[in-house]
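J.: okay, predicted coordinates and the sequence, questions at the end:
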Amino acid sequence: MSKVLRNILYNGAYQLLLVLLPLVTVPYISRVLGASNIGIYSYYFTFAAYFVMFSRLGVNNYGSRSIAEVADNPDLRQQLFSQIYGLQFWVSCLAILVYACIFPFVDNQSVYLCAGLYVLSGILDINWLYYGLEEFKKTALRSMIVKILSVVMIFVCVRTEEDIIPYTLICCGTHLVINMILWAMLPMIKVRLCLREFRYAFKHLKSMIVLFLPTLGISLYNYMDKLMLGNMVEIKELGFYQSSESIMSVPVTLVAAIGTVMLPRMTSLYSKGEEKNATRYIMLSMWLTLCFVSAFSFGVISAAPEFTVIFYGPGFEPCIQLLQILMFAPIFLAMANVVRKQVLLPKKMDKVFVGSIFAGAAVNLLLNWLTIPRFGAVGASAATVAAECTVFLIQTIYCIKLVPIVKFIRQALPFVLIGLAMTGLLSIIPFGDNVILTLVLKIITGGIFYMVLSALYYLCVLKKIGVRDRT
């Protein structure tokens, strides 16, 4: 088994766990805490996430890419790690200080203080080092264990509507524990921190800021919509939106797992001039991601009425419409993820990356401002889809001359059409009034329909293309 495939499986397994655990906890939490408390947690966690974002300062992409370029030189990679982390350390200290200064002015100080554990975790986050060295097994296994333990603690400690504090402590503290373990594993990858290299840390500032800008842009429609919902409409609307977004994150998380693995690999291929191999990876990634995302997204859209009743429980009926809107976003995000992780970032087209993200953020903020006061979470959901579509279109346009990306998208697009056909089929079949039975029948019927047509398309068309490209 190739190292790339192993890394995809390890990182994919961890990301799959991140996907499955909310499917276990969300039904419980929605019934115990309720929409309002979920909204409160989401608001303060989102606020803390901004400080974590600033403390990382674009280090995930920059650090991973930089380490990947010197992975075969132990001395240079240790030097680079120390310098890049030095900058992360000083910026994180500033973020923690500012977060602490805001404490006296917030309404719910207890939840704010608990969310501070997430801010504190930012100073210890060195995932980028392991990603750059393609050491995904070590990071995946340790994180899986901690995440499973955190779920157990949620069921043990969160028992009533008043237990929002224990819930916040567990969710935010998990990030801190995982990052602490990263440091304990440094001897395993033969890397140590050299404090004397901190004096050279700021020479990386300019490059990191360039890659921080798209992170800031992404945050404007990943985080700002929640802050705007929390300030412009009832907190319940944020609870509905947060609950629906947790389902949207399922395909997004798995797609991101592939992109995280492919970034250092594609960087290495381009640096060695292996353009043909790189192009083939792009083609296969586009097929795989769009096949999976289309199945999941249109499946949720088709089964949203039954899924919402069973999964969230009474009082979460608004999530039906939100899911049916939000699940279009992963389709655009999946294609854009392939473009940026396997073309833009490995080829250091950072300005295009930054510009596309801010264009999407501008669309999102404008639509949020126009629609949230009147439509609440529905407006925020539509704005998210529009933003992801904007980012995808801009990034694709700039890559047309570099790789045959339009051809790969056209080859993968039938998976979306099969998903649409599946949704149409499930909407006209009378399944009856039993909610549980209807959900089961929709999953079975839709799954068989999608898999059969997708398999036929692969065997009759895509397999022949793949064979021809290898020769």
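T.: Yep, that arrived. Treat the numbers as computed from the prediction; the structure is a model and nothing was measured.

J.: number of nearby residues for residue 206?
T.: For residue 206, the neighbour count with other Cβ atoms under 10 Å is 8. Where C-beta positions appear, they are placed from N, C-alpha and C, glycine not excepted.

J.: let's verify it: helix, strand, or coil?
T.: With DSSP: H, G, I helix; E, B strand; the rest coil as the basis, residue 206 sits in helix.

J.: ok now stretch 123-142, how far from the chain's centre?
T.: Relative to its chain's centre, stretch 123-142 lies at 16 Å (Cα atoms, centre = their mean, to the nearest Å).

J.: stretch 301-321 now?
T.: With Cα atoms, centre = their mean, you get 23 Å for stretch 301-321.

J.: thought residue 129 was touching residue 191?
T.: Yes: counting by Cβ atoms under 8 Å, residue 129 does reach residue 191; the two are 6.7 Å apart.

J.: tell me which of the two has more neighbours.
T.: Per other Cβ under 10 Å, whichever of residue 129 and residue 191 has more neighbours is residue 129, with 24 against 20.

J.: which is the next helix or strand following the strand or helix carrying the more buried one?
T.: In the assignment (DSSP states H and E), residue 129 maps to helix 127-132. Next helix or strand after helix 127-132 toward the C-terminus (DSSP H and E): helix 136-157.

J.: hang on, the earlier thing: tell me what the helix holding residue 129 is packed against?
T.: When contacts are defined as 3 or more Cβ pairs under 8 Å, 6 or more residues apart in numbering; DSSP states H and E, helix 127-132 sits against helix 59-69, helix 74-102, helix 136-157, helix 164-184, helix 235-271.

J.: would you turn the ones you listed into a markdown table with mean neighbour count?
T.: A markdown table is the format used below for those (neighbours: other Cβ atoms under 10 Å):
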| stretch | mean neighbour count |
| --- | --- |
| helix 59-69 | 23 |
| helix 74-102 | 18 |
| helix 136-157 | 17 |
| helix 164-184 | 19 |
| helix 235-271 | 23 |
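
J.: and these as JSON lines, adding mean pLDDT and distance to residue 418?
T.: Output for the helices and strands packed on helix 127-132, formatted as JSON lines (pLDDT from 0 to 100; distance: least, Cβ to Cβ, whole Å):
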{"stretch": "helix 59-69", "mean pLDDT": "80", "distance to residue 418": "33"}
{"stretch": "helix 74-102", "mean pLDDT": "90", "distance to residue 418": "44"}
{"stretch": "helix 136-157", "mean pLDDT": "84", "distance to residue 418": "31"}
{"stretch": "helix 164-184", "mean pLDDT": "90", "distance to residue 418": "37"}
{"stretch": "helix 235-271", "mean pLDDT": "79", "distance to residue 418": "16"}
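
J.: make TSV from those and add distance to residue 461 to it.
T.: What follows is the helices and strands packed on helix 127-132, written out as TSV (distance: least, Cβ to Cβ, whole Å):
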stretch	distance to residue 461
helix 59-69	34
helix 74-102	43
helix 136-157	32
helix 164-184	42
helix 235-271	22
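
J.: looking at those, which is closest to residue 38?
T.: Distance to residue 38, taken as Cβ to Cβ, is lowest for helix 235-271 among the helices and strands packed on helix 127-132, at 4.2 Å.

J.: list residues touching both of residue 129 and residue 191?
T.: The contact sets of residue 129 and residue 191 overlap at residue 81 (Cβ atoms under 8 Å, 6 or more residues apart in numbering).

J.: picking up where we left off before, got a list of contacts for the helix holding residue 129?
T.: Outside helix 127-132, the residues that touch it by Cβ under 8 Å, 6+ apart are 59-68, 71, 77, 81, 84-85, 136, 138-139, 179, 182, 189, 191, 260, 263-264.

J.: quick one: mean pLDDT over the helix or strand hosting residue 362.
T.: Element membership for residue 362, per DSSP H and E: helix 350-375. Helix 350-375 comes out with an average pLDDT of 88.

J.: buried ones in that helix, by neighbour count?
T.: In terms of neighbour count (16 or more other Cβ atoms under 10 Å), helix 350-375 has its buried residues at 350, 352-361, 363-365, 367-368, 371-372.

J.: for the helix holding residue 129, output the C-alpha coordinates as CSV.
T.: The C-alpha trace of helix 127-132 is given here as CSV (Å, rounded to 0.1, in the frame of the first residue of the first chain):
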residue,chain,number,x,y,z
ASN,A,127,-0.2,19.6,13.7
TRP,A,128,1.4,21.3,10.7
LEU,A,129,4.8,19.7,11.6
TYR,A,130,3.4,16.2,11.5
TYR,A,131,1.4,16.9,8.3
GLY,A,132,4.5,18.3,6.6
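
J.: identify each buried residue in it, please.
T.: Buried residues in helix 127-132, counted by 16+ other Cβ under 10 Å: 127, 128, 129, 130, 131, 132.

J.: do you know the pLDDT at the fourth one?
T.: Reading off the confidence values, residue 130 has pLDDT 84.

J.: just residue 4 next, same as before
T.: Reading off the model, residue 4 has pLDDT 60.

J.: use 453 as the first number from now on
T.: Sure, I'll start counting at 453 from here, so that last one is residue 456.

J.: re earlier: quick check, nearest of the buried residues of helix 579-584 to residue 889?
T.: In terms of Cβ to Cβ, no member of the buried residues of helix 579-584 lies closer to residue 889 than residue 579, at 43.1 Å.

J.: from residue 637, how far off is that closest one?
T.: Distance of residue 579 to residue 637, given as Cβ to Cβ, to the nearest Å: 11 Å.
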